Structure formats: C-alpha cells, structure tokens
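Visitor: Predicted model, plus sequence, below.
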Amino acid sequence: MDLTTTYLGKQLKNPIVASASPLSKSIGNMKRLEDAGASAIVMYSLFEEQIEHEAAELDHYLQYGTQSFAEALTYFPEAAEYNLEPDNYLNLVSKAKAELDIPIIPSLNGVSTGGWIKYAKKLEEAGADALELNVYYIPTDSLVSPEDVENRYLEILTAVKSTVSLPVAVKLSPYFTSMSNMAHQLVKAGADGLVLFNRFYQPDIDINELEVRPGVTLSDSSANRLPMRWIAILPGRPKASLAATSGIHTADDILKMMMAGADATMMCSAFLKKGPEYINTLLIDLERWMAEHEYSSIEQMKGSMSHKSVSDPAAFERANYMKALNRYTLLV
C-alpha cells in the first residue's frame, strides 16, 4: 500500500505524525517514535514565557557586579547558571536532526509579538524542517473584541514568517466566530498549514482544598468529531496543508480524517497511553483496511468524504444537527 502523503510541502511516508508531547523531550523516545513508523515529530512547545525569562536572567547576570572591583572575578556566572530551557531546546533540535531521518517540527507557543519570535530563526538555523506556531490565547478581558483576537494571531504569524523561510503551520483553537474566514486570513498572511484543533486544558476546582488546579486529561476518540467536521469543510478553500489533531487513537480515526481531507493526523494521547510502538499496530490496521476496501493509496481516499465531495453536504451543517436530535431516543 502507498501510505505516503504530503504535509507542508514535504512528502511523509505515512500520515501518522507524533504531535507535541513529553515524548519529544528525549532523543531516545524520539528514536522509538521513528523506529515504530512515525513519519514526523512535532516537538514539545517552547513557550514565550521561557524565552523571555531566559533573556531577563541573562541580563541580570551580565549586569550583576558591574559596579564592583575588577578583581572580583567570582561575579562572572557559570554557563550552567543561565543556560536555561531555550538553549537546551535548540540543542535538542540539532541533535534530533543529526540522529533521526524524519522531519522535526519545533513548536513555538506565544501570545504576543516580541523578542521571543527571534527564536524562530534560531530554530531554523538548528535544522528544523518546519515550525508549528501554537497561539494558546484565552481572551478574558471583555473589552477585547473578536477583531483584536484575530489580529493577534495574524500579527504573530506575520512576525514569525518575516524571520524564517521555513514552512509555518498554525495550530488553531475551535472558538473563532467564523472558522472558514479565519483560516482564509491566516493562509493569506502566510500560513503554510493549519492544525485543527488545539485542545485547551481546562482547570478543575478542588472542593476540599478550595484551590483551582491545572490538569491534563488525555483524549479519546470522541474528541475527533470537531476537527473532522472542519477538516471536511475546509479542503479546497484555504490553499494550505491541513493536519487533524485531538482524539485520534485508532486506524479508523486516521482513515476518517483522510477521507475528510486531512493531509496528516497528529497523535499524542494514544502514544502516551500505549507507547510509541503502538504506531506499528496502526500501520498494520491501515493497510489491512485499505486492502479489504480496495484502496491502493492514501491519496486515493483523501477528501473523498469532504464537504465538497459527499452527495449530501448539509450533513456537515445545520441539517445534521436537526436530524441527529430527531433520531435520538431514550436509552432507559
């Protein structure tokens, strides 16, 4: 079977991409992902706050002791004291590119324009094959308009694109007023790909300790309905690669996303639950299904069940909502 697909202008050996997760924090686990069959790896996110913190720390050390006697050489810090996460991240990208043969896509996570964006160029120099721009932004100020939110995404994308020649994908939230319009604006501003969707981690309340606590809840397959719907609606409209993420756990989930029109599927929770070697099972199941249903390639099925391809496109719209409610019956 021909499982190859093209994402961000790069041919991938199959549509299974390891999305940002703790697995990309070590070369050992990244090798496990590659050996199991992952076609590319999106690295864990480097946050704007981490980059800005390093800049502040370095400035502190460079200024510290400057009013003292020149003989006080002990004021000069050891490199380890200010060699924080961003430099370690760059080193890991370089090492991954030296030791792995699949594309490595660093993830930059930020919410404002600023000096941290210059790290995009450093990541390019470290050998990155592309960048994923993750704008994890929750507007809590009631005075911030929808246009302000959209412009924030566009300004950050424009700033990043101005510093690199690499392909840049934008990882989106599903909460825009008009997703199709936002996708169009991002592609017009230079996005080479869109990743649908960012799954915001929701805080919980500890009713005994009376504290708000962050937490990570791994997804299941039910979470893929939202990205699948929009992947199906968008193909043919924005001229960019589309990647599906959230709730992709089985070969069936991958096939559905391909039929909806995705160019790649990004997986995290499934690998955290079952280990990188689970990719072997997914690939076997993909080929078995394709053989049984007489598909010779991923490209053959790509977009075959998208909004523009199905006989009843209203199934992706309001009519589907009404039909689903009218057909539902009580279980007890």
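Guide: Sure thing, it's come through.
Visitor: quick one: the strands in the protein?
Guide: Counting by DSSP state E, the segments of the chain that form strands are 5-7, 10-12, 16-18, 40-47, 104-109, 131-134, 168-172, 193-196, 204-206, 211-213, 241-245, 264-267.
Visitor: For Ser296, which of those strands is the nearest?
Guide: strand 5-7 (13.8 Å; Cβ to Cβ). C-beta coordinates here come from the backbone N, C-alpha and C atoms, glycine included.
Visitor: circling back to that earlier point, of all the strands of the chain, which lies closest to Ile298?
Guide: Comparing the strands of the chain under Cβ to Cβ, the one sitting nearest is strand 5-7, at 5.1 Å.
Visitor: And that closest one, how far out from the chain middle?
Guide: 15 Å (Cα atoms, centre = their mean, to the nearest Å).
Visitor: Next: stretch 158-172.
Guide: 13 Å.
Visitor: In stretch 286-297, which residues are buried?
Guide: 286, 290, 295 (16 or more other Cβ atoms under 10 Å).
Visitor: I'd say the first one and Ile254 touch.
Guide: Yes: the pair formed by Leu286 and Ile254 meets the contact definition of Cβ atoms under 8 Å, at 6.4 Å.
Visitor: tell me the contacts of Ser221?
Guide: The contact partners of Ser221, taken as Cβ atoms under 8 Å, 6 or more residues apart in numbering, are 247-250, 253.
Visitor: what do you get if the cut-off is 10 Å, keeping everything else the same?
Guide: Taking Cβ atoms under 10 Å, 6 or more residues apart in numbering, we find Ser221 in contact with 246-250, 252-253, 256, 269-270.
Visitor: Report pLDDT for it.
Guide: At Ser221, the model reports a pLDDT of 92.
Visitor: Tell me how far it lies from Gly275.
Guide: Note on Ser221: its distance to Gly275, by Cβ to Cβ, to the nearest Å, is 18 Å.
Visitor: Over to Gly37?
Guide: Taking Cβ to Cβ, one finds Gly37 at 13 Å from Gly275.
Visitor: So the two - more neighbours on which side?
Guide: Gly37 (20 against 14; other Cβ atoms under 10 Å).
Visitor: Quick one: residues contacting the more buried one.
Guide: Contacts of Gly37 by Cβ under 10 Å, 6+ apart are 3, 13-14, 16, 102, 276-284.
Visitor: Quick one: neighbours of Met43, just the number.
Guide: 25.
Visitor: now do Val144
Guide: Neighbour tally, Val144, other Cβ under 10 Å: 12.
Visitor: So in terms of bridging, what pairs with the nearest residue to Trp230 once chain neighbours are set aside?
Guide: Excluding the flanking residues, the one nearest Trp230 by Cβ to Cβ, 6 or more residues apart in numbering is Leu196, at 5.4 Å. On the basis of DSSP bridges, Leu196 is bridged to Leu172, Ala244.
Visitor: how about the strands of the chain in JSON lines, adding distance to Leu226 and mean pLDDT?
Guide: Putting those into JSON lines (distance: least, Cβ to Cβ, whole Å; pLDDT from 0 to 100) gives the following:
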{"stretch": "strand 5-7", "distance to Leu226": "20", "mean pLDDT": "97"}
{"stretch": "strand 10-12", "distance to Leu226": "24", "mean pLDDT": "97"}
{"stretch": "strand 16-18", "distance to Leu226": "19", "mean pLDDT": "98"}
{"stretch": "strand 40-47", "distance to Leu226": "19", "mean pLDDT": "95"}
{"stretch": "strand 104-109", "distance to Leu226": "21", "mean pLDDT": "96"}
{"stretch": "strand 131-134", "distance to Leu226": "17", "mean pLDDT": "96"}
{"stretch": "strand 168-172", "distance to Leu226": "11", "mean pLDDT": "96"}
{"stretch": "strand 193-196", "distance to Leu226": "8", "mean pLDDT": "97"}
{"stretch": "strand 204-206", "distance to Leu226": "21", "mean pLDDT": "87"}
{"stretch": "strand 211-213", "distance to Leu226": "25", "mean pLDDT": "88"}
{"stretch": "strand 241-245", "distance to Leu226": "10", "mean pLDDT": "96"}
{"stretch": "strand 264-267", "distance to Leu226": "14", "mean pLDDT": "98"}
